[in-house]
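1. Need coordinates for the following:
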Amino acid sequence: MTRKLLAELFGTFWLVFGGCGSAIFASHIAPADNGQIGILLLGVALAFGLTVLTMAYAVGHISGGHFNPAVSFGLLAGGRFSSKELVPYIVAQCIGAVAAAGALAYINGGVGDGSAGSFASNFYDSAVYFGKSYDLGQAFLTEFLLTMFFVIVIMGTTDKFANGKFAGIAIGLCLTLIHLISIPITNTSVNPARSLSQAVFVGGQALSQLWLFWAAPISGAVVGGIIYKSLMQNTDNEYKYTDA
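-> The predicted model follows:
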């Protein structure tokens, strides 16, 4: 269990450090007002996908490579994870995420001015990109749907009947696509630990809106896990955990 928790801690650290770090440091090179915002968004999306892809192969065989409380909830709902491990996994993921954000804050020399989106924090009801904002309902539905499909992709690519050698690539590319869709809407969460880590340091609006970036991804992940288990998974699938 210790090895599993360390794998989740280091994997989530890498996700936040690489993904959020790319957003924080790239913004110094290509600020949103110089016409390069599209390039910045593409780079950040790729960075998040690459962090998951690399850690999926590095430590996924140890812990399952969740790196995300919503994914842990989704796999639990889909019958691929034990409820006994849920809380320890989430604690390890949050510790790794907050530690990464602390390292980023130190390297960056601060967390910005606390405005929406600063320090790669998540948001809604704020026109950070392209002069358009999305309200609470739009943000919630976005995070819900994207996390739901993320879990379906994870469960499908790691199914015993799938080609597991390429699961990490598919999952990483799925997360890249998710960021391409939703960075302008919420700065993309689909990961409560990632949202927590930045909000803790930024405070203000990021902290007050944090509830959405736990509620929407987790509920979407649970629905995704149930959908795959109930409608898509082969009935001969051997993945089954019990608390007995």
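
2. so what's A221 closest to, chain neighbours aside?
-> G74 (3.2 Å; CB to CB, 6 or more residues apart in numbering). Any C-beta I mention is one placed from the backbone N, CA and C, and that applies to glycine too.

3. how close does the residue nearest to the spatial centre of the chain get to H28?
-> When CA atoms, centre = their mean is applied to the chain, the residue found nearest the centroid is N191 (3.3 Å). As judged by CB to CB, to the nearest Å, N191 and H28 stand 24 Å apart.

4. K229 reaches G78, doesn't it?
-> Yes - counting by CB atoms under 8 Å, K229 touches G78, with 4.4 Å between them.

5. intersection of neighbour lists for the two?
-> M155 (CB atoms under 8 Å, 6 or more residues apart in numbering).

6. tell me which residues in the lowest-mean-pLDDT helix or strand in the chain are buried?
-> The weakest-scoring helix or strand in the chain, judged by mean pLDDT, DSSP states H and E, is helix 21-29 (a mean of 85). Residues of helix 21-29 classed as buried by neighbour count (16 or more other CB atoms under 10 Å): G21, S22, A23, I24, A26, S27.

7. which among those gets closest to F119?
-> Among the buried residues of helix 21-29, I24 lies closest to F119 (CB to CB), at 6.3 Å.

8. mind listing what the residue nearest to the centre of the chain touches?
-> Neighbouring residues of N191 by CB under 8 Å, 6+ apart: L15, F67, N68, P69, A70, V71, P217.

9. Which pLDDT value goes with it?
-> Model confidence at N191, given as pLDDT, is 98.

10. got it, and D33?
-> 52.

11. what does the one 10 residues further on give?
-> According to the prediction, G43 has pLDDT 91.

12. M232 now?
-> Reading off the model, M232 has pLDDT 87.

13. Hmm, it is touching V151, no?
-> No - in this structure M232 lies outside contact range of V151 using CB under 8 Å: 11.5 Å.

14. The two: which is more packed in?
-> V151 (30 against 13; other CB atoms under 10 Å).

15. how about low-confidence regions in the protein?
-> Scanning the chain for pLDDT under 70 picks out 30-36, 235-244.

16. A215 and I37: what is the separation?
-> 29 Å.
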